[in-house]
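Student: Got a predicted structure plus its sequence, pasted below:
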Amino acid sequence: MPARVSLDGATWSMMPSQPKTLETGTPTGVELELKPTSVHTDEHHDAGHTTLNKIVNLVFVIVPFIGLLAAIVLVWGWGFSWVQLAVLGGMYLISGLGVTIGFHRYFAHKSFDTGPVVKTLLGVSGSMAAEGSIVRWVSFHRCHHQHSDHEEDPHSPHTHGAGVLNTLRGFWRAHVGWIFENQGPRSWRYAPDLMRDKLVRRLSLLFPLWVTVGLLIPTIIAGVVTLSWWGALLGFIWGGLVRILLVHHVTWSINSVCHLWGTRPFVSRDESRNNPVFGVLGLGEGWHNNHHAFPTSARHGLRWWEIDVSYLTILLMSKVGLVRNVRVPTPERMESRRRRNHN
């Protein structure tokens with residue numbers, strides 16, 4: 001018999017053996033009123049998307065990727081090999097999924113439930129990405145959802161006005177600048193549930209340790225495999241430093257790219273867009289319009305061809321009993337929010 005729960009004026013059916021449906025922007029159990037500061041209109045959307053914004057964003061996102069690929073080609077054989085590729089790819093997946101599944105879909109949006117062991121593993125692996133502690137990351141992200149593409153949004157590229165300098169300022173803040181901002185009262189305002197969670201607070205306080213562990217793992221693995229200090233150093237550089245740079249760039253591109261480039265199949269109160277390139281590179285996070293339309297959904301790639309590695313991992317974890325109460329929007333709910341003529 002399914003349990004019936006009432007939340008935000010709607011009743012939801014909760015079936016323990018299958019994904020759950022829950023479409024509120026406020027995570028379960030969080031005493032917050034996360035309402036948008038204003039309704040997003042098409043006029044605002046059109047005004048914010050200047051050609052200059054898009055060109056600046058495209059250049060600063062693509063050039064670093066080109067530089068990384070060029071570096072790999074140039075040093076292949078003496079500074080980069082299959083060993084470094086393996087530790088780079090493996091650590092990218094571990095820390096990347098720690099952010100997408102752990103920090104984002106679990107801690108920030110409560111899109112599924114789990115126990116203390118998996119919670120710890122998600123918190124540690126996400127911290128290895130060096131994007132900030134759990135509490136800091138979640139408080140900034142929830143602030144982004146409440147004020148998406150408006151003045152107080154820490155991730156929006158659209159709040160600095162027109163012109164080259166303002167465009168660059170908007171890109172910088174959305175892409176990386178927010179990480180250097182003072183957290184202020186955001187923790188208690190946007191993440192009171194996490195501040196009351198002793199395990200999460202402990203994991204957050206140990207953030208520097210988890211970053212160090214994330215650097216040591218590829219160093220040790222590469223050193224053992226190659227049986228050399230040179231191999232260990234390359235493991236540290238590629239599986240540690242370069243991997244952090246890559247995870248950062250992909251994560252931050254979700255903030256900037258996915259509010260400029262892509263499609264908007266669902267009605268949302270901001271300029272969030274689905275971008276297939278970052279849908280793949282971001283392990284499912286690039287289906288950003290889907291996410292803003294259904295914030296607490298564990299699944300971001302809502303159509304069969306929208307690759308969402310993070311959701312597939314969550315689904316696998318649910319099959320083996322590591323997570324439960326996985327929340328996804330119903331077909332009826334998706335249809336009700338679909339744009340009839342989306343761009």
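Tutor: Noted; the coordinates are in hand. Residues are numbered from 1 along each chain as shown.

Student: What is the burial count for the residue lying closest to W229 once chain neighbours are set aside?
Tutor: The spatially closest residue to W229, leaving aside those adjacent along the chain, is G223, at 6.9 Å (CB to CB, 6 or more residues apart in numbering). Where C-beta positions appear, they are placed from N, C-alpha and C, glycine not excepted. The criterion is other CB atoms under 10 Å. On that basis, G223 has 19 neighbouring residues.

Student: And the one 10 residues further on, by the same measure?
Tutor: Close neighbours of L233, defined as other CB under 10 Å, add up to 15.

Student: which parts of the helix or strand hosting it are buried?
Tutor: Here L233, judged by DSSP states H and E, is contained in helix 229-235. Taking 16 or more other CB atoms under 10 Å as the basis for neighbour counts, the residues of helix 229-235 that come out buried are 231-232, 234-235.

Student: May I ask which two of those are separated the most?
Tutor: Spanning the widest gap among those are A232 and L234, at 7.4 Å by CB to CB.

Student: Pull up the overlap in contacts between these two.
Tutor: The overlap between the contact sets of A232 and L234 (CB atoms under 8 Å, 6 or more residues apart in numbering) consists of 222, 226.

Student: which one is G301 nearest to, not counting chain neighbours?
Tutor: D308 (3.1 Å).

Student: L93 now?
Tutor: What sits nearest to L93 in space, not counting adjacent residues and going by CB to CB, 6+ apart, is L283, at 7.8 Å.

Student: Can you report how many residues lie near the one you found?
Tutor: Counted with other CB under 10 Å, L283 comes out at 25.

Student: List the contacts of it.
Tutor: Remark: with contacts taken as CB under 8 Å, 6+ apart, L283 is in contact with 93, 96-97, 100, 308-310.

Student: still on that earlier bit, what comes up buried for the helix or strand encompassing the residue nearest to W229?
Tutor: When elements are defined using DSSP H and E, G223 is found to belong to helix 207-226. Neighbour counts over helix 207-226 (16+ other CB under 10 Å) mark 207, 210-211, 214-215, 217-219, 221-223, 226 as buried.

Student: Pick out whichever of those residues sits closest to S139.
Tutor: Closest to S139, out of all of the buried residues of helix 207-226 and judged by CB to CB, is F207, at 13.7 Å.

Student: Which helix or strand contains L302?
Tutor: L302 belongs to no helix or strand, assigned by DSSP H and E.

Student: Report how many residues lie close to it.
Tutor: Other residues near L302 number 23, with proximity taken as other CB under 10 Å.

Student: just to revisit the earlier point, just put the buried residues of helix 207-226 in a markdown table and tack on distance to A130.
Tutor: Listed next are the buried residues of helix 207-226 as a markdown table, based on distance: CB to CB, whole Å:
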| residue | distance to A130 |
| --- | --- |
| F207 | 9 |
| W210 | 9 |
| V211 | 5 |
| G214 | 7 |
| L215 | 9 |
| I217 | 13 |
| P218 | 13 |
| T219 | 15 |
| I221 | 18 |
| A222 | 19 |
| G223 | 21 |
| T226 | 25 |
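
Student: Adding pLDDT and distance to P265, write these out as a markdown table.
Tutor: As requested, these are exported to a markdown table (pLDDT from 0 to 100; distance: CB to CB, whole Å):
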| residue | pLDDT | distance to P265 |
| --- | --- | --- |
| F207 | 97 | 36 |
| W210 | 98 | 36 |
| V211 | 97 | 37 |
| G214 | 98 | 36 |
| L215 | 97 | 40 |
| I217 | 98 | 39 |
| P218 | 98 | 38 |
| T219 | 98 | 43 |
| I221 | 98 | 41 |
| A222 | 97 | 43 |
| G223 | 97 | 47 |
| T226 | 96 | 47 |
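
Student: between these, which is nearest R196?
Tutor: After measuring the buried residues of helix 207-226 against R196 - CB to CB - the closest member comes out as F207, at 18.3 Å.

Student: doesn't E131 make contact with that closest one?
Tutor: No: applying CB atoms under 8 Å as the test, F207 and E131 come out as separate, 9.9 Å apart.

Student: Just the CA atoms of stretch 321-334, as PDB, please.
Tutor: Extracted C-alpha coordinates of stretch 321-334, given in PDB (Å, rounded to 0.1, in the frame of the first residue of the first chain):
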ATOM      1  CA  GLY A 321      20.000  -1.400  -1.600                       C
ATOM      2  CA  LEU A 322      22.500   1.400  -1.100                       C
ATOM      3  CA  VAL A 323      19.900   4.100  -1.600                       C
ATOM      4  CA  ARG A 324      16.200   4.200  -1.400                       C
ATOM      5  CA  ASN A 325      13.200   6.500  -2.000                       C
ATOM      6  CA  VAL A 326      14.600   7.700  -5.300                       C
ATOM      7  CA  ARG A 327      12.500  10.700  -6.500                       C
ATOM      8  CA  VAL A 328      11.600  11.300 -10.100                       C
ATOM      9  CA  PRO A 329       8.800  13.400 -11.700                       C
ATOM     10  CA  THR A 330       5.800  11.600 -13.000                       C
ATOM     11  CA  PRO A 331       5.000  11.600 -16.800                       C
ATOM     12  CA  GLU A 332       1.900  13.700 -16.000                       C
ATOM     13  CA  ARG A 333       4.000  16.300 -14.100                       C
ATOM     14  CA  MET A 334       6.600  16.500 -16.900                       C
END
